[in-house]
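Asks: I'd like to go over a predicted model; first the sequence, then the structure.
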Amino acid sequence: MSAHVLMVQGCTSDAGKSALVTALCRWARRHGVRVAPFKPQNMALNSAVTVDGGEIGRAQAVQAQACGVEPRVDFNPVLLKPNSDTGAQVIVHGHAVAEMDARDYHSYKRHAFEAVMTSHRRLTHAYEAVIVEGAGSPAEINLRDRDIANMGYAEAVDCPVILIADIDRGGVFAHLVGTLALLSASERARVVGFVINRFRGDIALLQPGLDWLQRETGKPVLGVLPYLHGLQLEAEDALPRVRDSKPDARLRVVVPALPRISNHTDFDALRAHPQVDLHLLGPGEAPPACDLIILPGSKSTRADLAWLRAQGWDRAIARHLRYGGKLIGICGGLQMLGRAIHDPLGIEGVAGSSDGLAWLDLETTLELGKQLHRTRGRLSFGDAHVHGYEIHCGVSYGPALATPFARLDGGRNDGALSADGQIVGTYLHGVFDDPQALHALLQWAGLHDAVTLDVHALREASIERLADAVEQHLDTAQLKSWLGVA
Ligand SMILES: NC(=O)CC[C@H](N)C(=O)O
């Protein structure tokens, strides 16, 4: 059996492709379809660890949740994790194969395409429907040669494509018509309709525009999705800029937004928590007084540490500690808290060592071969349950690890808790996603009557809202025929 394949491409980055794919996945599942998400090629620094022991983009992990299945490497066979403005780590079928610049990657694309097709074949055999997400826009004419992310894939597997555009940023008709104009005739022919996203206002005023669009292009508008406020989905890559106003916030948390921050989805639970005021600290900004500073993960730990020092934030963090503030380092952030970071093989840039901030007595060496784990255990304080995932090349060692942050199932320990109880280092991404661990950590940071929050349940509710929006606002008769819904 071969699955129904339907692809979503966007007129721009952030047009809403990931959310629409998530929505369609849950909608199809509601209709009893065994469905899987697929993103041939993704570029993101937020990744998830799969059940088959690899690494994929986090958006595909959320889409897997929408499908009711565990994340697998086939859902995102090629992942590019940029670690400079010109180079990226290339991850194929869940594992890093090389560091490449754009030119190397262009020649490598033939192999990448093989990997994409292998995953495509496996998924279309195992599922009844596969909903595919493109990347960026298909109209990047300079990237069309050997494209595997958008029309190159759609042409190879001969699937219908929905084009989505964001009306909130303006220019929606120009985006749709212009994108179509830049496609080849056969690519244009496979665009089966448009979805307009993030609409607010009076639909009656939009109608003449929709009528014009259908006349002009000969293609239907499949629906207009409303601007859905407060969705708890994980950002694929871009850092969310909007800061919700929270009248009940009592714990102030500051996260330095490092240039190569990785897995900033770690902070989704804090962003959603009604009592936490989460502040992402940008370049040139002085850290405000706060209860807790969190050093996030980083794809280029030594370079980001140098950048943090250049901002003068190391001195600000030292002052924060003198005033009794709490500090957490996650993954790359934990490595920065140690005495030194060694990269003898140049895995993350120029080979060499850097002095760490030396607040924890440990050192880290980056090694070939990434550690990818899905972990469960208990915090060594508060006895709270914790789960998370690890993605790192660094191996840390030193006396500080003798007082671990958590004791993991299977006998391993994780991270460190400083003797004065002020500083925590952990390799666990997603550490705030476990309601018990979140509660214990907020209490440790000074929020004594923290309300409980389950970010997984919030995500689930958001996925349900998205599927409701499909049901209410899109042409479901068409969707049923494309996805094989009875
Ligand atoms: N996710 C991370 O923060 C990774 C930290 C560091 N880049 C490593 O690979 O060890």
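Replies: Right, received. Where do you want to start?

Asks: packing partners of the longest helix along the chain?
Replies: Taking DSSP state H as the criterion, the chain has its longest helix at helix 102-126. Identification of packing neighbours for helix 102-126 by 3 or more Cβ pairs under 8 Å, 6 or more residues apart in numbering; DSSP states H and E yields strand 35-38, strand 78-82, strand 87-92, strand 95-101, strand 129-133, helix 151-157. Where C-beta positions appear, they are placed from N, C-alpha and C, glycine not excepted.

Asks: turn the ones you listed into a markdown table, including distance to the ligand.
Replies: Putting the helices and strands packed on helix 102-126 into a markdown table (distance: least, Cβ to the nearest ligand atom, whole Å) gives the following:
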| stretch | distance to the ligand |
| --- | --- |
| strand 35-38 | 23 |
| strand 78-82 | 10 |
| strand 87-92 | 10 |
| strand 95-101 | 10 |
| strand 129-133 | 23 |
| helix 151-157 | 28 |
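
Asks: how about the ones you listed, which one is nearest Ala59?
Replies: Closest to Ala59 of the helices and strands packed on helix 102-126 is strand 129-133 (Cβ to Cβ; 7.5 Å).

Asks: need the contact list for Phe38.
Replies: Gln60, Asp74, Phe75, Asn76, Ser119, His120, Leu123, Val130, Ile131, Val132, Glu133 (Cβ atoms under 8 Å, 6 or more residues apart in numbering).

Asks: for the ligand, what are the nearby residues on the chain?
Replies: 262-263, 297-299, 301, 331-332, 348, 366, 391-394 (Cβ under 6 Å from any ligand atom).

Asks: which ones among these lie within strands?
Replies: Among these, the members found in strands (DSSP state E) are Ser262, Gly297, Ser298, Leu366, Ile391, His392, Cys393, Gly394.

Asks: buried ones only from the residues you listed, please, as a ChimeraX command.
Replies: Buried subset of those, written as a ChimeraX selection, criterion 16 or more other Cβ atoms under 10 Å:
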select :262,297,298,366,391,392,393,394
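
Asks: and the least confident of the ones in strands among the residues of the chain next to the ligand?
Replies: Lowest pLDDT of these: Ser262, 90.

Asks: now it: how far from Gly394?
Replies: Distance, Ser262 to Gly394, using Cβ to Cβ, to the nearest Å: 12 Å.

Asks: residues shared between the contacts of the two?
Replies: Cys331, Gly332.

Asks: got a pLDDT number for Gln335?
Replies: Model confidence at Gln335 (pLDDT) stands at 98.

Asks: before we move on, what SS does the spatially most distant residue from the centre of the chain have?
Replies: Seen from the C-alpha centroid of the chain, the residue lying at the greatest distance (Cα atoms, centre = their mean) is Arg215, 37.6 Å away. For Arg215, the assignment made with DSSP: H, G, I helix; E, B strand; the rest coil gives helix.

Asks: now do the contacts for the residue of the stretch 151-300 of the chain found nearest the ligand.
Replies: Residue nearest to the ligand within the stretch 151-300 of the chain: Gly297 (2.7 Å; Cβ to the nearest ligand atom). By Cβ under 8 Å, 6+ apart, the residues touching Gly297 are Ile261, Ser262, Asn263, Asp266, Ile330, Cys331, Gly332, Gly333, Ile391, His392, His429.

Asks: go again using 6 Å as the cut-off
Replies: Ser262, Asn263, Ile330, Cys331, Gly332 (Cβ atoms under 6 Å, 6 or more residues apart in numbering).

Asks: hang on, the first one packs against Lys299?
Replies: Yes. Here Ser262 reaches Lys299: they are 4.8 Å apart, a contact under Cβ atoms under 6 Å.

Asks: can you report how many residues neighbour the closest residue to the ligand within the stretch 51-200 of the chain?
Replies: The minimum distance from the stretch 51-200 of the chain to the ligand, using Cβ to the nearest ligand atom, falls at Asn83 (8.5 Å). Counted with other Cβ atoms under 10 Å, residues neighbouring Asn83 total 20.

Asks: who's in contact with it?
Replies: Neighbouring residues of Asn83 by Cβ under 6 Å, 6+ apart: Gln89, Lys299, Ser300.

Asks: picking up where we left off before, can you pick the most crowded of the contacts of Phe38?
Replies: Result: Asn76 is most packed of these (other Cβ under 10 Å), 34 neighbours.

Asks: secondary structure element holding the nearest residue to that one once chain neighbours are set aside?
Replies: In this structure, Asn76 finds its nearest non-sequential neighbour in Ile56, 3.8 Å apart by Cβ to Cβ, 6 or more residues apart in numbering. Element membership of Ile56, judged by DSSP states H and E, is strand 55-57.

Asks: please save the CA atoms from the very next helix or strand once past that strand in PDB.
Replies: The helix or strand immediately downstream of strand 55-57 is helix 58-67, counting by DSSP H and E. Output of helix 58-67 as PDB, limited to C-alpha atoms (Å, rounded to 0.1, in the frame of the first residue of the first chain):
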ATOM      1  CA  ARG A  58      11.400  19.800  17.200                       C
ATOM      2  CA  ALA A  59       8.500  20.800  15.000                       C
ATOM      3  CA  GLN A  60       8.400  17.300  13.600                       C
ATOM      4  CA  ALA A  61       8.300  15.900  17.100                       C
ATOM      5  CA  VAL A  62       5.200  18.000  17.900                       C
ATOM      6  CA  GLN A  63       3.700  16.900  14.600                       C
ATOM      7  CA  ALA A  64       4.300  13.300  15.700                       C
ATOM      8  CA  GLN A  65       2.400  14.100  18.900                       C
ATOM      9  CA  ALA A  66      -0.400  15.400  16.700                       C
ATOM     10  CA  CYS A  67      -0.400  12.000  14.800                       C
END
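
Asks: which helices and strands sit right next to helix 58-67?
Replies: helix 17-30, strand 35-38 (3 or more Cβ pairs under 6 Å, 6 or more residues apart in numbering; DSSP states H and E).

Asks: please repeat the previous calculation with a cut-off of 8 Å.
Replies: helix 17-30, strand 35-38, strand 47-49, strand 129-133, helix 455-473.

Asks: what is the neighbour count of the nearest residue to Leu327 once chain neighbours are set aside?
Replies: When the adjacent residues along the chain are set aside, Leu327 lies closest to Ile423, with 4.7 Å between them (Cβ to Cβ, 6+ apart). Neighbourhood size, Ile423 [other Cβ under 10 Å]: 23.
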